[in-house]
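**Student:** Give me a model of this one.
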Amino acid sequence: MSHLRRLLLTVLAALVAAVGLLVLPATPASAHAQVISSNPTDGQRIETSPRELLVTLSEPARLPSIVVSLVGPNGLVTSLGAAAEKSRDGAGHQVVSVPVTAELPTGLYRLSFTATSAFDGHETVSQLVFGVRTDVAAPIGTEGAISTNTLQDGVRGVVQGVLLFASGIAFGFLVLAAVARGRGRVAAGIAGVAGVVAAVCSGLIWHEGNGLLVAVAGVLGAGALTVLARRGPDRGRARTWATVVALVVAVGPLALVGHVASEGGLFLLAAVLHVVTTAAWMGTLVGAAVLTRGCPGDERLPILRRTSIVGGSTFLVAIVSGLLMSQSVVPSVGGLVGSAYGWGLLVKLVLLIPVLLLALVARERLRSGRTTSVAVEAALLVSVALVGVFVVAQPPPVAARFQPTPTWVADSGTISDTADDLLVSTQIDPNTPGQRFLVIRVDNTRRPAPAPITGVVASLGDTADVAMTRGDDGLWTASVSVPQSGPVLVHVAVTRPDMPVAVVSTSWTVAPRPGTQSGGPTLTPFVASAIGGLVVSWLLLLLLENTVGRRRRGPAPSDEVPEDEAANDEAAKDEAVENELSQPASV
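**Tutor:** Predicted structure coming up:
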């Protein structure tokens, strides 16, 4: 199998895996234990004092770290119990219960929920407002959007960034040392030691959850890179693979404290690939920029060719995996342009454009035997990595207002359907999630009516049946809990004496709460287009380079012998035979 064919198959396999990740259902972002839903909800009016406050978190939090503050019309509410995990929802998210031990008087209440992530140790403050027998003018709409980065969090982020940079640079110098006459091994050793120190500091600062694993793996991986740097240059494959494994061990576990850590599975694999390939790509470019400075062209050429091989093997994986993680973490276009996290991603993408353009220019010059400087390319890629360190420290945009704008249209007025000889009209009022009223009107289409209506029972979705009460206006009403916006089935059963029960099921569409689900379209189609365009462009580039390379090398040497040369050979053979026959036979 040719080298080009192997590359094509590898890229196609990566594309299939990327499409598979894109079609997976998106889950709320992780790495910051943020409130993604609550009961009471943000902006909800409730008619009775709650017995408990329920919050659902984007990822597990350390229970001892949870601090709940509730301020009402009479000041700070002190009748709150200790927070405890109550259950896990269908998606595996932690549901925390905070008991309310005394009656809450009428008024507005502001809840502040502070939690520290069990995955990465980041502390996040989520806030919401609800009313007890009081309307809420406008919800806060910032659930989970505030991250309290303490000095400890900042220092830990810096040392983990140093671990990533140092390990990548050590890898780059080691990979290039084999073609740079051993130069760069000292720099690789220094970078490896810096990585070990950074890993130790990270473990001392934070060793809970995955922090200890990150520290231990960092010491082992960066230490292995340091040991490899002390040995002489080796062009063997075993040495190369040992260097790759050391880099994976050193920086791969950093994905466990990233924004998709709690999602696991393929998204976690994408995060590991992103961290490792980014470190390798950046470190090799930095090593090439240092080693080629001031050296003659014949020495620069093998270094740049090795750099081109590493860059060509890592850049596509790094960019595609980053796009996949962005699609998982950022729910909508509004979340991308309306949050510090999203703007950080946009800056990374803008910085990557000149990096790729410079890489194309350098690749073309190398094909013709010319060299170029990669210092600007290396500086830009280091800037991309620095922005990535900043992004990791920001809370993902999972607030309710950043959720994608629904493609469905909410119902207004009433929806009518028939059951036997009855016309059943359904309405939810007000038509938003929360504790609402289900209103049913039943009219008999036959005159005279065969029997009076004696009862109406209704339910939403899979919830239990609720007996409805008839008012003086002839409407049947019941208080129901509407869990979320979107279509929901309303089942209605009407009873009449000496007649079968009339049953009707109506689809009712609930509108989002004000200030929620206003993030615009989802990022999935944009990410899919970007990945497809990037992969197709790279495939076309490979095919073009292969075609141009064949033309430059010219036609392959032919095995056919020209006719005049063949004739001369035949004549020479005939003459040799005649001479042999003319010689006397030996006795």
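**Student:** Locate the one residue sitting closest to the centre of the chain within the secondary structure: which element?
**Tutor:** The chain has Met325 as the residue nearest its centroid, 2.1 Å off, counting by CA atoms, centre = their mean. Using DSSP states H and E, Met325 falls within helix 297-329.
**Student:** The residue nearest to the centre of the chain contacts Val260, doesn't it?
**Tutor:** Yes. Using CB atoms under 8 Å, Met325 is in contact with Val260, at 5.5 Å. No exception for glycine: its C-beta is placed from N, CA and C like everyone else's.
**Student:** shared neighbours of the two, anything?
**Tutor:** Common contact partners of Met325 and Val260 (CB atoms under 8 Å, 6 or more residues apart in numbering): 267, 270-271.
**Student:** Can you turn the buried subset of those into a selection I can paste into PyMOL?
**Tutor:** Applying 16 or more other CB atoms under 10 Å to the shared contacts of Met325 and Val260, the buried members can be selected in PyMOL as follows:
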select buried, resi 267+270+271
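**Student:** Arg88 contacts Val96, correct?
**Tutor:** No. Taking contacts as CB under 8 Å, Arg88 lies outside contact range of Val96: 10.8 Å.
**Student:** more crowded one of these two?
**Tutor:** Val96 (25 against 12; other CB atoms under 10 Å).
**Student:** Given the helix or strand harbouring that one, what are its sheet partners and their directions?
**Tutor:** When secondary structure is defined by DSSP H and E, Val96 falls within strand 94-99. Here strand 94-99 is paired, per DSSP bridges, with strand 52-57 (antiparallel), strand 84-88 (antiparallel).
**Student:** Could you work out which of the ones you listed reaches nearest to Gly335?
**Tutor:** strand 52-57 (18.2 Å; CB to CB).
**Student:** What helices and strands are in contact with whichever helix or strand comes after that closest one?
**Tutor:** Once the chain leaves strand 52-57, the next helix or strand it forms, by DSSP H and E, is strand 67-72. Applying 3 or more CB pairs under 8 Å, 6 or more residues apart in numbering; DSSP states H and E, one finds that strand 67-72 makes contact with strand 107-116.
**Student:** What is the least confident helix or strand in this protein?
**Tutor:** Every helix and strand in the chain was compared by mean pLDDT, DSSP states H and E; the lowest is helix 3-23, with a mean of 44.
**Student:** Could I get the full set of strands for the stretch 451-587 of the chain?
**Tutor:** Assigned by DSSP state E, counting those that start in this stretch, the strands in the stretch 451-587 of the chain fall at 455-460, 466-467, 469-470, 476-482, 486-496, 499-510.
**Student:** Let me see the backbone angles for Arg62.
**Tutor:** Arg62 adopts backbone torsions of phi -70, psi 120, taken as degrees, to the nearest 10.
**Student:** so who does it touch?
**Tutor:** 115-118, 208-209.
**Student:** How about Trp281?
**Tutor:** Taking CB under 8 Å, 6+ apart, one finds 168, 310-311, 314-315, 318, 381 in contact with Trp281.
**Student:** one more time with 7 Å
**Tutor:** 310-311, 314-315, 318, 381 (CB atoms under 7 Å, 6 or more residues apart in numbering).
**Student:** now do Ala194
**Tutor:** Contacts of Ala194 (CB under 7 Å, 6+ apart): 162, 166.
**Student:** let's see 6 Å
**Tutor:** Residues counted as contacts of Ala194 (CB atoms under 6 Å, 6 or more residues apart in numbering) are Ala166.
**Student:** Average pLDDT for the host helix or strand of it, rounded please.
**Tutor:** Assigned by DSSP H and E, Ala194 belongs to helix 185-205. For helix 185-205, mean pLDDT rounds to 92.
**Student:** Show me what counts as buried in the helix holding Met325.
**Tutor:** 300-301, 303-304, 306-308, 310-312, 314-329.
**Student:** Rebuild the contacts of Trp281 as TSV, extending it with distance to Gln44 and pLDDT.
**Tutor:** TSV is the format used below for the contacts of Trp281 (distance: CB to CB, whole Å; pLDDT from 0 to 100):
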residue	distance to Gln44	pLDDT
Val310	55	90
Gly311	53	89
Thr314	49	91
Phe315	48	88
Ala318	43	90
Leu381	48	89
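**Student:** Of the strands paired with strand 94-99, which is nearest Val457?
**Tutor:** Closest among the strands paired with strand 94-99, using CB to CB: strand 52-57, at 27.4 Å.
**Student:** now the closest one, how far from the chain's geometric center?
**Tutor:** 25 Å (CA atoms, centre = their mean, to the nearest Å).
**Student:** May I see the buried residues of the helix or strand harbouring Ala170?
**Tutor:** Assigned by DSSP H and E, Ala170 belongs to helix 151-177. Residues 153, 156-177 are the ones in helix 151-177 that count as buried (16+ other CB under 10 Å).
**Student:** likewise stretch 96-115?
**Tutor:** 96-98, 100, 104, 108-109, 111, 113-115.
**Student:** sorry, back to before: for the strand holding Val96, give the mean pLDDT please.
**Tutor:** Strand 94-99 comes out at a mean pLDDT of 89.
**Student:** Check what contacts that strand and list those residues.
**Tutor:** Contacts for strand 94-99 (CB under 6 Å, 6+ apart): 52-57, 60, 68, 80-81, 83-87, 89.
**Student:** Buried subset of those as a PyMOL selection?
**Tutor:** Filtering the contacts of strand 94-99 down to the buried ones (16+ other CB under 10 Å) takes a single PyMOL command:
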select buried, resi 53+54+55+56+57+60+68+80+83
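**Student:** among the contacts of strand 94-99, which one has the lowest pLDDT?
**Tutor:** Asp89 (75).
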